[in-house]
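Engineer: Curious how this folds, go ahead:
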Amino acid sequence: MKKHNFYAGPSIMSQFTIDETAKAVKDFADMGLSILEISHRSKQFQAVMDEAISLFKYLLDIPQGYSVLFLGGGASLQFAMVPMNMLKTKAAYLDTGVWASKAIKEAKLFGEVDVVASSKDKNYNYIPKDYTVPSDVDYFHYTSNNTIYGTEIRKDPEMGVRMISDMSSDIFSRPVDISKYDLIYGGAQKNLAPAGVTFVIVKDDALGKSGRVLPTMLNYETHVKKDSMFNTPPVLPIFSALQTLKYYKELGGVEVIEKMDVAKADCLYNAIDSSKMFVATVPNHEDRSIMNVCFVMKPEYKDLESSFIEFATARGMMGLKGHRDVGGFRASLYNALPMESVKALTEVMKEFEKSH
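Structural biologist: Below is the predicted model of the structure:
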């Protein structure tokens, strides 16, 4: 039976990425050695790093004056590393969920934080609107996609100040105007690579201005100067990331991927909205994530949620259980997920609804 992978993260990767990584684990670059055991200083791995950075810049149309870094620690370390490096006096943050609130908590250790708006009042089921970002902040930080709650900001905001964004779960799903940002970061385990590497896109001339002494490893300038090779980088995930970037280029780039992702999300949301049994947790269509579709049973069918999980899992639908903060179901439609899987899920939903 075919399995359909809707896990929120770590999550589905392209078969190309999996196959090429598996080959390299056995024999990397015809060296007769595994990617797991070769030096990161070898010319063979240096070529991997160079190509990964080059493709990253190509696919996102990153302008001159920006560096792409591959670091450890996950996006959670970036919650602290960003303000440590970039916050001089005051920063503005938008609170749209768990990951945004964690970033806010860390930023408060390094300076004044103005939380300009929050959707916590409705369990983060919408994106705040009509808020003002002060003109005197060092930066405005937002989380582009909220995996737990299924909301997403799909257009670069117009704020009149420099921006920083956590794009862990929707990077490469839409074009981004990088020039508006001082820094973009994210964990790789949704749309790029296995867990273990973190990407950072940083504007070079925005660094070195915090006014504080920084630990060597937590200073972005350290890693910019050494091209992410100051210490041993996460070798295997970076190799896998390169394979994903090659796959994205072969598909036709970010614009093509966005159309595919929107079509997948439309297919599933249409099935939910037309259902007598299921309902989306995010009511406003423009706030709905195309990466993480969250839905529940309508109140009169609430007691059937566990039955549906069992029913769907038995038919190959994996990872559908919603986060405990929302309940219900969550179907993650990351870039590598084929439309075939989305259609299979909608058929399972119809079959379950018909039988009840």
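
Engineer: for this protein, what are the low-confidence residue spans?
Structural biologist: Scanning the chain for pLDDT under 70 picks out nothing.

Engineer: what about the most centrally placed residue in it, which SS state?
Structural biologist: Centroid check for the chain by CA atoms, centre = their mean gives Ser169 as the closest residue, at 1.6 Å. At Ser169 the chain is in coil, as set by DSSP: H, G, I helix; E, B strand; the rest coil.

Engineer: For it, give its distance to Ile238.
Structural biologist: Using CB to CB, to the nearest Å, Ser169 is found at 19 Å from Ile238. C-beta here means a position set from N, CA and C on the backbone, and glycine is covered the same way.

Engineer: same check, this time on Val116
Structural biologist: 35 Å.

Engineer: any idea whether Ile164 is helix, strand or coil?
Structural biologist: Applying three-state DSSP: Ile164 is strand.

Engineer: Where do the helices of the stretch 101-250 of the chain begin and end?
Structural biologist: 220-225, 235-251 (DSSP state H, counting those that start in this stretch).

Engineer: ranking the ones you listed by burial, who's on top?
Structural biologist: Most buried of these by mean neighbour count (mean count of other CB atoms under 10 Å) is helix 235-251; its value is a mean of 21.

Engineer: Could you tell me which residues within the next helix or strand after that one count as buried?
Structural biologist: Per DSSP states H and E, the first helix or strand lying C-terminal to helix 235-251 is helix 254-273. For helix 254-273, the neighbour count (16 or more other CB atoms under 10 Å) marks Val254, Ile257, Glu258, Met260, Asp261, Lys264, Ala265, Cys267, Leu268, Tyr269, Ala271, Ile272 as buried.

Engineer: how about these in a markdown table, adding distance to Pro215?
Structural biologist: Output for the buried residues of helix 254-273, formatted as a markdown table (distance: CB to CB, whole Å):
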| residue | distance to Pro215 |
| --- | --- |
| Val254 | 34 |
| Ile257 | 37 |
| Glu258 | 38 |
| Met260 | 41 |
| Asp261 | 38 |
| Lys264 | 42 |
| Ala265 | 41 |
| Cys267 | 47 |
| Leu268 | 44 |
| Tyr269 | 45 |
| Ala271 | 50 |
| Ile272 | 47 |
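
Engineer: right, and out of these, which lies closest to Gly111?
Structural biologist: Using CB to CB, Val254 comes nearest to Gly111 of the buried residues of helix 254-273, at 33.7 Å.

Engineer: The closest one reaches Phe56, doesn't it?
Structural biologist: No. Contact between Val254 and Phe56 fails when scored by CB atoms under 8 Å: they sit 11.3 Å apart.

Engineer: any idea what sits nearest Leu251, other than its immediate chain neighbours?
Structural biologist: Ile257 (6.0 Å; CB to CB, 6 or more residues apart in numbering).

Engineer: what sits against the one you found?
Structural biologist: Phe172, Ser173, Tyr248, Leu251, Asn335 (CB atoms under 8 Å, 6 or more residues apart in numbering).

Engineer: The same query, at a cut-off of 10 Å, please.
Structural biologist: Leu59, Phe172, Ser173, Arg174, Pro175, Asn191, Tyr247, Tyr248, Leu251, Asn335, Ala336 (CB atoms under 10 Å, 6 or more residues apart in numbering).

Engineer: again with Lys259
Structural biologist: Per CB under 10 Å, 6+ apart, neighbours of Lys259: Gly252.

Engineer: Ser173 versus that one, what's the distance?
Structural biologist: Lys259 sits 10 Å away from Ser173, going by CB to CB.

Engineer: hmm, back to that, the residue nearest to the centre of the chain contacts Ser289, doesn't it?
Structural biologist: Yes. Between Ser169 and Ser289 there is a contact at 8.3 Å, judged by CB atoms under 10 Å.

Engineer: what's the overlap in contacts for the two?
Structural biologist: With CB under 10 Å, 6+ apart, Ser169 and Ser289 have common neighbours Ser144, Asn145, Asn146, Thr147, Glu152, Ser332.

Engineer: Tally up the residues packed near the fourth one, please.
Structural biologist: When neighbours are defined as other CB atoms under 10 Å, Thr147 has 25 of them.

Engineer: just checking, it touches Ala100?
Structural biologist: No. Applying CB under 10 Å, one finds Thr147 not in contact with Ala100, separated by 11.3 Å.

Engineer: Where does Met13 sit: helix, strand or coil?
Structural biologist: coil.

Engineer: same deal with Thr17?
Structural biologist: Looking at Thr17 with three-state DSSP, the answer is helix.
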